[in-house]
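In: Build me a model:
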Amino acid sequence: MFDSPDGQSHMNRMRAVNPTQVARGGLIIPTFTAELAEQHAPLQILEANPKFYAYAGEDTATFEAAVKRLVLVKLNVKKKARQLVIGGISAGLEENVKQEMTFVEVKNGVLMMAPAKPLVPGEYALYEAGTWQHGALVQDGGEYFDFGVAAKP
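Out: The predicted structure follows:
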């Protein structure tokens, strides 16, 4: 959910996007790079404090565990794509990439997620964190819910 310049609130359903290219690298320190097509996500908003809602239905315990694996990340914009690099020295996400989030159960089966502080203009994604063992990514979460925060005019 985000607010437009006219003060109206809007809710858009976000669709999962799979990376167009995935690369694994690093001999000593493993890395994983996921690439999303295009420089910008189709969904561009002006709101620096968007709210995300997820609906669980009946199975709230499993759902909450899965949703809390979602990480809000700032994507690195390249010439023709957006990238997320995982691993390397940090053995996870670099601190400047990961955006802190708050989670609130607004009613039974509905969870609201929001950035802990305003987002700067750029490209972002809610990313399902993968599984790590001994400092190496064993299984990537695979799905990204991408959007961009545009600079206010």
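In: so where's this protein shaky on pLDDT?
Out: Judged by pLDDT under 70, the chain has its weakly predicted residues at 1-8, 21-31, 56-68, 87-95, 130-142.
In: Give me the nearest residue to Gln44, chain neighbours excluded.
Out: Distances taken as C-beta to C-beta, 6 or more residues apart in numbering put Gly148 closest to Gln44, at 4.5 Å, once the chain neighbours are dropped. (C-beta placed from N, C-alpha, C; glycine too.)
In: got a list of what that neighbour touches?
Out: When contacts are counted by C-beta atoms under 8 Å, 6 or more residues apart in numbering, Gly148 touches 40-41, 43-45, 121-124.
In: Recalculate using a threshold of 7 Å.
Out: Residues in contact with Gly148 (C-beta atoms under 7 Å, 6 or more residues apart in numbering) are 40-41, 43-44, 122-124.
In: Asn76 too?
Out: Counting by C-beta under 7 Å, 6+ apart, Asn76 has contacts 82-83, 85.
In: can we see that at 8 Å?
Out: 82-85, 97.
In: one step back: what's opposite the residue nearest to Gln44 in the beta bridge?
Out: Counting by DSSP bridges, Gly148 forms beta bridges with Gln44, Glu123.
In: Report the beta-bridge partners for Val85.
Out: Where Val85 sits in a bridge, its partners, by DSSP bridges, are Thr33.
In: Glu38 versus that one, what's the distance?
Out: Per C-beta to C-beta, to the nearest Å, Val85 is found 18 Å from Glu38.
In: cool, Ile86 as well?
Out: Distance, Ile86 to Glu38, by C-beta to C-beta: 20 Å.
In: Between these two, which is the more surrounded one?
Out: Ranked by neighbour count (other C-beta atoms under 10 Å), Ile86 and Glu38 place Ile86 first, with 24 against 14.
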